[in-house]
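> No letters, just coordinates:
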């Protein structure tokens, strides 16, 4: 009986193809006090194509929990993308160098935009380097953003304010996993951004390098969907996105791609590198790259208040205050080893999941820091053959518990953790010379 109702067929087939060609020329222009001024000019063209083919079985709407796509047909979309850019380097003094760059991109059906950048570099001494830049960016909506077929899904367990009002706010009755329909939008505009960076590098010796860079990014017309929790939390503003049946119960919630509000983020990038320490036991080196977030806030729509997601899970994700990647390296003859650590700081959990059996909200939780260590080693048999082996997640560390209710997987946040635990790998590399 079970075999007779199983689906043993390709339900849907999607394919993306990109063809591209690019060219670049560069040459010195004239002499300046700090060296040759130089010019680079480049251009690229590409063609993007996507197609989606639902099977006859899917279109028949006879697959349990997998609805037929709206429109009931295969789709194919394509567009041409062209870009041209130029960059000038001006070493106008021994200590000073300026970079001026401009890029223009044009996306068929979306439009085009210019992306300028101005950079300045100052090196008063061999050990010191100061740098900074300002610029603007541009991101066109993807083919998926524009033309993706409707995706049927469901929310986390969320309360319906209308039902709760009629049921004495009993969450065991008025909260549920509501059906959603996610729509693309062929009328999307590009996102735009403005960036600022200021930093310094200090190299007191040939073995040590320290760097610190401040950065700030503001994105406008951000492409995204309104969170289902935000929609249900503000029916006065977003009630038209909640479709109800004749009984007043939620039929589905409409989640449509659109150009929403803005996003602002700033932080400090820290780099520490120790290299080339040669001893009788081999050569040692170490490197640590980390980011300390100073600010991260998002806006649902233009004019709305900004909401901080720094150090706390909001709607669909979190921005940890600190994260880093540390690697310790050793080499001696044909042997080499690396011990690496990846770290994410803890944060306040989403704390909104509901137990529909008794109508209670989960207890507040703070997600612990996530730190994993990896090891890898290699042996070079000769100039052509290298053998490698490694262990990912040496301590078999599990993801920290999270009560987030945004992702289908529960108990942890799958956006940055790996539940597989410790695993081993081996490889061999051969170079043809």
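That came through, no problem. Keep in mind that this is a model prediction, so the values were computed, not measured.
> do you know how far residue 312 is from residue 351?
9 Å (Cβ to Cβ, to the nearest Å). C-beta here means a position set from N, CA and C on the backbone, and glycine is covered the same way.
> Please tell me the pLDDT value assigned to the residue nearest to residue 207 when sequence neighbours are not counted.
Leaving aside its sequence neighbours, residue 207 sits nearest to residue 276 (Cβ to Cβ, 6 or more residues apart in numbering; 5.5 Å). Residue 276 is assigned 85 on the pLDDT scale.
> Can you get me a residue count around residue 276?
11 (other Cβ atoms under 10 Å).
> Then the one 5 residues further on?
The number of residues packed near residue 281 is 8, by other Cβ under 10 Å.
> Identify the residues contacting it.
residue 332 (Cβ atoms under 8 Å, 6 or more residues apart in numbering).
> And it, how far from residue 332?
Distance from residue 281 to residue 332, by Cβ to Cβ: 7 Å.
> Check residue 222 too.
Taken as Cβ to Cβ, the span from residue 222 to residue 332 is 50 Å.
> more crowded one of those two?
Neighbours per residue (other Cβ under 10 Å) separate residue 222 from residue 332, with residue 222 holding more: 20 against 14.
> Isn't the more buried one up against residue 260?
Yes - contact criterion Cβ atoms under 8 Å: residue 222 and residue 260 qualify, at 5.2 Å.
> Find the residues that touch each one of the two.
residue 299.
> Could you report the distance from the residue nearest to residue 207 to residue 17?
Taken as Cβ to Cβ, the span from residue 276 to residue 17 is 46 Å.
> cool, and residue 29?
For residue 29, the distance to residue 17 equals 40 Å [Cβ to Cβ].
> for residue 93, same thing?
Noted for residue 93: a distance of 49 Å to residue 17, by Cβ to Cβ.
> With neighbour numbers in mind, choose between these two.
Set residue 93 next to residue 17 and count neighbours by other Cβ under 10 Å: residue 93 wins out with 13 against 10.
> residue contacts, residue 299?
Residue 299 is in contact with 222, 260-263, 305-307, counting by Cβ under 8 Å, 6+ apart.
> now swap in residue 314 and tell me
Residue 314 touches 298, 307-308, 350, counting by Cβ under 8 Å, 6+ apart.
> Residue 388 too?
376-378, 426-429.
> Which residue ranges of this protein form helices?
2-5, 56-59, 143-147, 161-166, 171-174, 228-233, 235-238 (DSSP state H).
> To what extent is residue 381 buried, counted in neighbours?
Using other Cβ under 10 Å: residue 381 sits among 11 other residues.
> Check residue 96 too.
16.
> Go ahead and confirm it touches residue 34.
Yes - Residue 96 lies in contact with residue 34 (Cβ under 8 Å); the separation is 6.5 Å.
> in the protein, which ranges drop under the pLDDT threshold?
1-8, 62-66, 69-72 (pLDDT under 70).
> From residue 329, how far off is the residue nearest to residue 207?
Taken as Cβ to Cβ, the span from residue 276 to residue 329 is 11 Å.
> Ok, residue 247 next?
65 Å.
> These two - which one has more neighbours?
residue 329 (18 against 6).
> residues contacting the more buried one?
Residues counted as contacts of residue 329 (Cβ under 8 Å, 6+ apart) are 284-287, 336-338.
> Emit the ChimeraX select command for whichever of those are buried.
Per 16 or more other Cβ atoms under 10 Å, the buried members of the contacts of residue 329 correspond to this ChimeraX selection:
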select :284,285,287,336,338
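> In CSV, list the contacts of residue 329 along with distance to residue 83.
Converted to CSV, the contacts of residue 329 look like this (distance: Cβ to Cβ, whole Å):
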residue, distance to residue 83
284, 44
285, 38
286, 39
287, 33
336, 40
337, 43
338, 37
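> Filter the contacts of residue 329 down to just the ones in strands.
Among the contacts of residue 329, the ones falling in strands (DSSP state E) are 284-287, 336-338.
> quick one: which of those is nearest residue 196?
Residue 196 lies nearest to residue 287 out of those, by Cβ to Cβ, at 25.9 Å.
> Quick check: the closest one vs residue 166, distance?
Distance from residue 287 to residue 166, by Cβ to Cβ: 60 Å.
> for residue 260, phi and psi?
phi -100, psi -140 (degrees, to the nearest 10).
> Now do the contacts for it.
By Cβ under 8 Å, 6+ apart, residue 260 lies in contact with 221-224, 226, 299-302.
> List buried residues within those.
221-224, 226, 299-300.
> What number of residues are in the vicinity of the nearest residue to residue 121 once chain neighbours are set aside?
Nearest non-adjacent residue to residue 121, counting by Cβ to Cβ, 6+ apart: residue 97, 4.4 Å away. Neighbours of residue 97 under the rule other Cβ under 10 Å: 20.
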